[in-house]
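sequence first, predicted coordinates after that:
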Amino acid sequence: DTGVSQDPRHKITKRGQNVTFRCDPISEHNRLYWYRQTLGQGPEFLTYFQNEAQLEKSRLLSDRFSAERPKGSFSTLEIQRTEQGDSAMYLCASESTRAYQETQYFGPGTRLLVL
Amino acid sequence: SQQGEEDPQALSIQEGENATMNCSYKTSINNLQWYRQNSGRGLVHLILIRSNEREKHSGRLRVTLDTSKKSSSLLITASRAADTASYFCATDAYHQAGTALIFGKGTTLSVSS
């Protein structure tokens, strides 16, 4: 257990539905990242927050995706009008901004299946 | 896009043998990290090596970094069945905004008893 939790762990939805995932980072970590991982691939960066500010978005993050971190603590990732191509593992990671503590700690992931 | 490329893609060994995985990357880095992922689970951080370091040890793990060749290797000594997992190298996006990690496709290690 890395201290990063994600909910739900699994989600099955029908194409066109909206889904929302939650990530709770390690409490003192002010950086939070979202990644997506498809079968047989490494994780790919989606977006990251420093405190409540969303500082970077990947071009993978289409306009159907939105992420928030309203109070600089937990974060949510919403996918609207899901497509079958959205099926993947969605991973959250948190990191401290203290010097020499660049390690990102990953949660267990949310596995999404879009039917 | 993927920055790192691990080699080999798959590796099968017997318990007690050593396992060596290699990673190559494309751009300048601040540091390189290795992660392990058990099937269907999240990633577990193994070790971080900075660009000014050449070798680092942690328990049965030994990591080397050659910035002139843009490559790194992970050696697991005296492997155990519990080491069966996928192993990823990840580099920081030195020339991009933020500190997102860029992962390779991973090496799948299978250790049989």
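Sure, I can see it.

where does chain A have its least confident helix or strand?
Ranking every helix and strand in chain A by mean pLDDT, DSSP states H and E puts strand A:53-57 at the bottom, with a mean of 87.

which elements pack onto it?
Counting contacts by 3 or more CB pairs under 8 Å, 6 or more residues apart in numbering or on different chains; DSSP states H and E, strand A:53-57 is packed against strand A:44-50. Any C-beta I mention is one placed from the backbone N, CA and C, and that applies to glycine too.

one step back: roughly how far is the least confident helix or strand of chain A from the heart of the chain?
With CA atoms, centre = their mean, to the nearest Å as the basis, strand A:53-57 stands 13 Å off its chain's centre.

now do the buried residues in it.
A:54, A:56-57 (16 or more other CB atoms under 10 Å in any protein chain shown).

Throw the residues you listed into a markdown table and include distance to B:H45, thanks.
Shown next, in a markdown table, are the buried residues of strand A:53-57 (distance: CB to CB, whole Å):
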| residue | distance to B:H45 |
| --- | --- |
| A:Q54 | 24 |
| A:E56 | 21 |
| A:K57 | 24 |
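
from the residues you listed, pick the one nearest chain B.
When these are compared for distance to chain B (CB to the nearest CB), A:E56 wins out at 3.9 Å.

that closest one is in contact with A:Y48, isn't it?
Yes: the criterion here is CB atoms under 8 Å, and A:E56 meets it with A:Y48 at 5.4 Å.

tell me the residues on chain A that lie near chain B, please.
A:2, A:4, A:6, A:31, A:33, A:35, A:40-45, A:48, A:55-56, A:58, A:89, A:91, A:93, A:95, A:102-109, A:111 (CB under 8 Å from any CB of the partner chain).

any of these buried? List them.
A:2, A:4, A:6, A:31, A:33, A:35, A:41-45, A:48, A:56, A:58, A:89, A:91, A:93, A:95, A:102-109, A:111.

of those, which belong to helices?
Nothing among these maps onto helices, per DSSP state H.

can you pull out the low-pLDDT segments for chain A?
Applying pLDDT under 70 to chain A flags the ranges A:99-101.

now it against chain B: closest residue?
For chain A, CB to the nearest CB, closest residue to chain B: A:G42, 3.1 Å.

state the distance from the closest residue to that residue other than its chain neighbours to B:S39.
Using CB to CB, 6 or more residues apart in numbering or on different chains and skipping the chain neighbours, the partner closest in space to A:G42 is B:F103 (3.1 Å). Distance, B:F103 to B:S39, by CB to CB, to the nearest Å: 17 Å.

who has more neighbours out of those two?
B:F103 (26 against 8; other CB atoms under 10 Å in any protein chain shown).

related to what we said a few turns ago, retrieve the pLDDT associated with the residue nearest to A:G42.
You'll see B:F103 listed with a pLDDT of 92.
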